[in-house]
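1. sequence and predicted structure are below.
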Amino acid sequence: MPLIIKNEIGSIFIEDTVIQEIVGLSVIESYGVVDKASKDSFEGIFSFFGFDPSYKGIKVTINDNDVDVDIYLILEYGVKISTVCQNIIERVKYNLKYYTGINIGDINIFVQGIRTESDL
């Protein structure tokens, strides 16, 4: 379901996948993020076969004019989880506001794992 922004000239439709792409690129740029985790088994199957979309691990929910985002991550061992997550939230909010102008509701981060040097 696309996000609809109405103005005096007409309407702008922003698809969920566009928002997921912006969030995905913002997350990968952040320090301490190793990878995005699969948010469900469907994404896990695609990852198993080598198809790894940039919006993997990101769920977007549109409520009226607000957008809620759930992000599933794997972080690097040794980073302070709360600091990394706070930086990601700030970066995602800034990029979504800058590129789309939409209102951001909740941004929830779910840390699914920690990866060490030996796991790489």
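-> Right, received. Where do you want to start?
2. which ones are touching I74?
-> I74 makes contact with V33, V34, D35, K36, A37, V111, Q112, G113, I114, R115 under the criterion Cβ atoms under 8 Å, 6 or more residues apart in numbering. For glycine as for every other residue, the C-beta is placed from the backbone atoms N, C-alpha and C.
3. now those residues as a markdown table including neighbour count, pLDDT and distance to N103?
-> What follows is those, written out as a markdown table (neighbours: other Cβ atoms under 10 Å; pLDDT from 0 to 100; distance: Cβ to Cβ, whole Å):
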| residue | neighbour count | pLDDT | distance to N103 |
| --- | --- | --- | --- |
| V33 | 19 | 86 | 25 |
| V34 | 18 | 83 | 30 |
| D35 | 19 | 79 | 29 |
| K36 | 24 | 78 | 24 |
| A37 | 19 | 76 | 27 |
| V111 | 14 | 92 | 26 |
| Q112 | 14 | 89 | 27 |
| G113 | 13 | 88 | 31 |
| I114 | 14 | 88 | 33 |
| R115 | 13 | 83 | 34 |
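4. of all the residues you listed, which two lie farthest apart?
-> Farthest pair in the contacts of I74 (Cβ to Cβ) is K36 and I114. Separation: 14.1 Å.
5. mind telling me what element I107 is part of?
-> Per DSSP states H and E: I107 is located in strand 103-115.
6. so how far is that strand from its chain's centroid?
-> In terms of Cα atoms, centre = their mean, to the nearest Å, the gap separating the centre of strand 103-115 from the centre of its chain is 8 Å.
7. residues near the closest residue to F110 other than its chain neighbours, how many?
-> Excluding the flanking residues, the one nearest F110 by Cβ to Cβ, 6 or more residues apart in numbering is Y72, at 4.9 Å. Neighbour count of Y72, defined by other Cβ atoms under 10 Å: 22.
8. can you give me the angle the helix or strand hosting Y72 makes with strand 103-115?
-> Using DSSP H and E, Y72 falls within strand 66-76. For strand 66-76 against strand 103-115, the angle by axes from the mean of the first three to the mean of the last three Cα atoms, to 10 degrees is 20 degrees.
9. perfect, I'm done here.
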